[in-house]
Structure formats: C-alpha cells, structure tokens
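Chemist: using only what follows, build the 3D model:
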Amino acid sequence: MPKVYDVAIIGSGPAGSTCAYYLSKAGLQNAILQKGKSVGEPLQCAEGLIRKALLEEWELPLSDKALVSYIDKALIVSPGNIKANVSFPRGGLMLDRRQFDKELANEAVKKGSTLYLDFQATRIEKIDNLWHIYSKDNKLVKSRALIGADGVGSFTGRYLKIIPPLKPEQVHTCFQVIAENVSLERNRIELYLNPEIAPGGYIWVFPKGDSKANIGLGCHRSVWNIRDRTLEKRLMQFIAQRYNDCRITGKIRGITPAVEKFPMMVDDGVIIVGDAAHVTDPFSGGGTHNALRTGHLAAKWLTRAFNERNLSKEFLDGYRREWIERREFVHKLLYKTSTWLRESDDKELDKLVEITQDLFGNISLNELKIPYVLKKVLIHHPVYALKSAGIFLNKK
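Modeler: Predicted coordinates for the structure are as follows:
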C-alpha cells in the first residue's frame, strides 16, 4: 500500500522545493513530484533574482556553482539611444538556475522530503479525504494536502479548476538565447526599450561570466503580431546589430503570466504557488522571487492548518489573503507600469530613460526614497508626470 504523505507537491522548482523544505522543517512528511528525469529541467528562465527575496525566504547559503555573480547596476537604453545608469550594489543575483533548483530540492530532501523523479501527474482524485495523484505510467502518491507548484499552465490548477486559463492579453511571450563571446561588464545587466523589435516589452542582456550571457526579449501578446516577425527573428536582428561576433549555444522559448488580479489560489486541501498561481511580476516577467515567497508562505499556512486540523478552503484562504496584503499594491503598480510601457511611443520612452538618468545618475537605488522621486519629477518634468499619472490612476 502506498505511503500517505501529509503533503504532495507537484513541481520541484523554487516554489515547490522551498515549500517542501519548510514543511519538512515543521515536521510534515511531504513528497516532491518532479515531471522530468532531473530537477532543473527544462530551463525556462533568464536566471536573474532579486537578492532581497532570497535573503528573506531562503535561510541557507548558495554554493558558488548556483550563484554566478552579484549584480550591482543596470544600463537602460531607449529607442533614441539615450542611456541611464542605475546603481543598486548587490541588489541582484545571477544564478545558474539548474544548479539553484537542484540545491533547493537537495536541501528539502536533507530535511526529510521525498523526491520522486520522472513523475508526470496526469490524474488527481480525492478518495476518502485523501488526494490520489497518478503519474502517466500509473504510479500513485497519496497525501492529505496538495501543493500545485507546476509552473505556467499548471496541470494542478487546471485539472482541479482552481486557476483559470490565461487569455492572450494576459501573457508575455519570450525568447532567449544562451550566447558566448559576449563582451559585457560582469556585474551589470543591460535593458533595451525598443518597440520596433520588442513591442510592449524589452530586451535583456544578463551576464553569466566568462564572456557568456543570456540575451532575450519579451513581448506582450496584445501588441505582437507573429505574422510580422517571430520573436527569434526579432532577437536575431538585435544581436546582429550589437553582438554580431557572439556564438549561440542554446535557445529557450516560453511565456510568463501578466495578470492584473491574483486568482483564487486555494481550495479544500490545496494551495497553488509560484508561476502556477500567476504571481509572476507582470512588468519584468520575473518569477523566481515570488516563487520563493509563495512557497514559504504556503508552508507556513499548511503548517498552521495541520496544527489546527483544518484543511478547509476557508482556512487555507488565509494564504491568499496574506499574499494579497503583502503584494497586491506592488503587483498592481507593476501591472500599470507594463500597461504604460505598451502605450508609450519612442519619444515617451526616450523621455523615460532621460528622467531615469536624472533620478538615479548620482544616487544608488538602495538609497532612493519615494518622496524624493515624486518631488523631482513633479518639479522638473510636470507634463510627463501628469500624463503618467493618468495611466496609473485609470481604474479600468
């Protein structure tokens, strides 16, 4: 007879493994169900991470293999080649995501989690108050509670009808290459606002050390016409202009959610976390930081639920409510920023980068205060401030 776990976690990415680690630390028996034959595959990430999120949500140090470098600054380039340099000492990290995911999962296993590889969930049933999760080859795992940590288009969320399918206007479509022989500053990322190549989004160049880089672009689906040019053709046009001598060693395609409002995220005995819960940054498309946060938060609420013997939807909704309390304002602000970016023309983007340089040229982002920003923009760029305010205050 299969063992009954307290919690089964579908997905071994940062959200799933973080949740597993803290559940094991709390004494709850859990199983991580990984679809592939190894953790960290396939890679679908630009591999950047906000350092603050890691420090807050993960209590163990990363190995030198997982942490490629610290990111101290960003170069932002407008359509008219206006440049802004933004400083944020050690505010960002560049990861080896495959190694990072493996280390998180390994630490969870050390704490007591069980890792099942090559377990692609294809059916979920609730029988006698236990979850029965079946794999494609009919393996079975039973649990009292369930975590859906299986990424964008989550099987768990769809199968249990908790997470609605994404609409075309709720998606960023992305394409990235892994490149060698790229001349970059090791601790600086580069971001290019170029609607002609990346409509409704931006191009990123993230250094990976030893003249390697992740070069990619994301376009909002509502303003990108695939019949015009594929994302790959668009990115290759950019690379030909700036990094013609680089050698491409890999290609990655994917989508990221860009929703305005968080979905339900819970049901009786179930919590959805990470990209599966659509908590991805709707502006940047980054998801690792919120994967860590929701994984940790879900473990906290499941621990409470087991202690109080209450796995009801009403009780577990405390997870969703706490997430909204912590992140809804920032999430909506980022969504409005993404909307503003899509609706701006080249001149407005040039002005944005000019203002960014004015604001950040002589001060670190770590030292910046919102009153300073508002005062400076209103005094020196009042027309721009009023136009932008109109978009941010729009209730639609």
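Chemist: before we move on, what SS does residue 254 have?
Modeler: strand (DSSP: H, G, I helix; E, B strand; the rest coil).
Chemist: ugh, typo on my part, it should be residue 350
Modeler: helix.
Chemist: give me the neighbour count for it.
Modeler: 17 (other C-beta atoms under 10 Å). For every residue, glycine as well, the C-beta is placed using N, CA and C.
Chemist: ok, now residue 161?
Modeler: By other C-beta under 10 Å, the residues close to residue 161 number 9.
Chemist: out of everything not next to it in sequence, what's closest to residue 344?
Modeler: residue 352 (7.0 Å; C-beta to C-beta, 6 or more residues apart in numbering).
Chemist: tell me, how many residues neighbour the one you found?
Modeler: Residues near residue 352, counting by other C-beta under 10 Å: 21.
Chemist: pull out the buried residues from stretch 322-338.
Modeler: Within stretch 322-338, the residues that count as buried by 16 or more other C-beta atoms under 10 Å are 323, 327, 331, 334-338.
Chemist: so, low pLDDT: which residues of the stretch 101-250 of the chain?
Modeler: By pLDDT under 70, the weakly predicted segments of the stretch 101-250 of the chain are 224-228.
Chemist: do that again at 80, thanks
Modeler: 221-229 (pLDDT under 80).
Chemist: report all helices and strands that the longest strand anywhere in the chain contacts.
Modeler: Counting by DSSP state E, the longest strand found in the chain is strand 83-95. In terms of contacts (3 or more C-beta pairs under 8 Å, 6 or more residues apart in numbering; DSSP states H and E), strand 83-95 is packed against strand 48-50, helix 51-57, strand 67-77, strand 202-209, helix 346-360.
Chemist: work out the gap between that strand and the centre of the chain.
Modeler: From the chain centre to the centre of strand 83-95 is a distance of 17 Å (C-alpha atoms, centre = their mean, to the nearest Å).
Chemist: and the angle for it with strand 67-77?
Modeler: Going by axes from the mean of the first three to the mean of the last three C-alpha atoms, to 10 degrees, strand 83-95 is angled at 160 degrees with respect to strand 67-77.
Chemist: next up, the contacts around residue 215.
Modeler: 176-177, 179, 182, 203-206, 235, 238-239, 243, 246 (C-beta atoms under 8 Å, 6 or more residues apart in numbering).
Chemist: tell me the one among the residues you listed nearest to residue 270.
Modeler: When the contacts of residue 215 are compared for distance to residue 270 (C-beta to C-beta), residue 176 wins out at 31.9 Å.
Chemist: where along the stretch 151-300 of the chain do the strands fall?
Modeler: For the stretch 151-300 of the chain, the strands defined by DSSP state E, counting those that start in this stretch cover 171-180, 188-192, 202-209, 212-220, 247-257, 266-267, 270-272.
Chemist: and of these, who's closest to residue 358?
Modeler: Nearest to residue 358, of all those, is strand 188-192, at 17.3 Å by C-beta to C-beta.
Chemist: quick revisit: looking at the contacts of residue 215, which is nearest residue 252?
Modeler: Set against residue 252, the nearest of the contacts of residue 215 by C-beta to C-beta is residue 176 (4.5 Å).
Chemist: and the gap between the closest one and residue 101?
Modeler: With distances taken as C-beta to C-beta, to the nearest Å, residue 176 is found 17 Å from residue 101.
Chemist: can you count the residues close to residue 31?
Modeler: The number of residues near residue 31, taken as other C-beta under 10 Å, comes to 21.
Chemist: ok, residue 160 next?
Modeler: Residues near residue 160, counting by other C-beta under 10 Å: 19.
Chemist: which ones are touching it?
Modeler: Here residue 160 is in contact with 124, 148, 267, 270 (criterion: C-beta under 8 Å, 6+ apart).
Chemist: excluding its backbone neighbours, what's nearest residue 58?
Modeler: Closest to residue 58 by C-beta to C-beta, 6+ apart is residue 292, at 6.1 Å.
Chemist: whoops, residue 115 was the one
Modeler: In space, residue 115 is closest to residue 32, 4.9 Å off (C-beta to C-beta, 6+ apart).
Chemist: secondary structure element holding the one you found?
Modeler: strand 30-33 (DSSP states H and E).
Chemist: and that strand, average pLDDT?
Modeler: Confidence over strand 30-33 (mean pLDDT, whole number) is 98.
Chemist: flag every buried residue along it.
Modeler: Across strand 30-33, burial judged by 16+ other C-beta under 10 Å covers 30-33.
Chemist: report pLDDT for residue 363.
Modeler: 66.
Chemist: adjust the sequence numbering to begin at 625 for everything that follows.
Modeler: Will do, 625 is the new start, and the previous item becomes residue 987.
Chemist: just to revisit the earlier point, the residue nearest to residue 739 and residue 736, how far apart?
Modeler: According to C-beta to C-beta, residue 656 stands 11 Å off from residue 736.
Chemist: repeat that for residue 982.
Modeler: In terms of C-beta to C-beta, residue 982 sits 53 Å off from residue 736.
Chemist: contacts only, for the residue most central in space within the chain.
Modeler: The centroid of the chain falls nearest to residue 911 when counting by C-alpha atoms, centre = their mean (0.6 Å). Listed by C-beta under 8 Å, 6+ apart, the contact set of residue 911 reads 669, 880, 898-899, 903-905.
Chemist: would you reformat those residues as CSV and include pLDDT and distance to residue 815?
Modeler: As requested, these are exported to CSV (pLDDT from 0 to 100; distance: C-beta to C-beta, whole Å):
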residue, pLDDT, distance to residue 815
669, 85, 17
880, 94, 16
898, 97, 24
899, 97, 21
903, 97, 22
904, 96, 18
905, 95, 14
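Chemist: of all these, which two lie farthest apart?
Modeler: Longest span within the contacts of residue 911, C-beta to C-beta: 669 and 903, 15.1 Å.
Chemist: how many residues are close by the closest residue to residue 638 other than its chain neighbours?
Modeler: Among residues not flanking residue 638 along the chain, residue 915 sits closest, at 4.1 Å (C-beta to C-beta, 6+ apart). As a burial measure, residue 915 scores 31 neighbours (other C-beta under 10 Å).
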